[in-house]
Structures are given as C-alpha cells and as structure tokens.
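Visitor: 3D model of this:
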Amino acid sequence: MIAGVGTDIVEISRIKEMLEKSGDSFIERIFTEKERTEAVKRKNSPEYFAGRWAVKEALSKALGCGIGASCEWKNIETLNNGDGKPGTILSGKALEAAARLEVAKVHVSISHEKDYACAFIVLEN
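Guide: As a prediction, the model looks like this:
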C-alpha cells in the first residue's frame, strides 16, 4: 500500500550558487559525510548535490515532516547501490516519521535535465 508520495525540482544553478557562496559550510550543514565523499568522485558536483537536495525535499514531503523543526537535512541520506540505483538511509526524526507511517520501502527516482534536478519518492508500507 502507498504510504506517501513526494516530489521536488530544483535549479542546479541555485545549488551551484550556494556552493560558491557558502562552500564547505553549506555542504557540511546539508549533506552527510558519505554523500560528500561520493560527490568528490563526480565530475559535476553541483548536479549531484542538486539531485540529493531534491531527494531530501521530496522525501520530507512524502513523510509529512518537512525540513526544519521536524526533520533535519542529514536525517535523509541518499546513496547509490552497486548498480547505480539511488536508495535512502533515514535517521532521527525522518526515521521516526517513517515508523509512524509503517514505511517498509522507499522508492527513489532522481532525474537531471539541463538546468534542473528532480526527485520523486514513493513510500510503501
């Protein structure tokens, strides 16, 4: 059964501006250590970070907790498996929200097209 759905779209240039303006402080505040390590391996890190940003936003919407007081950015971590498929690891308030919804599976899709990154989330219980 579907427990939640969320989507988000972000301009890659917006994330690029934040990276240029705030650099490491922005990256360390929003992304987990594993996400940051993975970004270093990528040629286009603004695109990578924009996709992960979109997942965090979309998943917080699907969980109904939003980012801020109810859920922190680093409570949602997105990493790819060996086949390149993105998956999430939840912690803190995001994990608590998922438990309340009895989430058994999180389906993640990330897309990039020219100037945009988009994420779509389906929560299944």
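Visitor: strands along the chain, start to end?
Guide: Here the chain has its strands, by DSSP state E, at 2-11, 76-80, 86-90, 105-113, 116-124.
Visitor: I67 is nearest to which of those strands?
Guide: When the strands of the chain are compared by C-beta to C-beta, strand 76-80 sits nearest I67, at 8.5 Å. Glycine gets a C-beta too; all of them are placed from N, C-alpha and C.
Visitor: quick one: strands adjacent to the closest one?
Guide: Strands adjacent to strand 76-80 in the sheet, as given by DSSP bridges, are strand 86-90 (antiparallel).
Visitor: ok, residues contacting the partner strand?
Guide: With contact meaning C-beta atoms under 8 Å, 6 or more residues apart in numbering, strand 86-90 is reached by 51, 55, 59, 75-81, 98, 106, 108-110.
Visitor: what about 6 Å?
Guide: Contacts to strand 86-90, defined as C-beta atoms under 6 Å, 6 or more residues apart in numbering, come from residues E77, T78, N80, N81, A98, V106, V108, I110.
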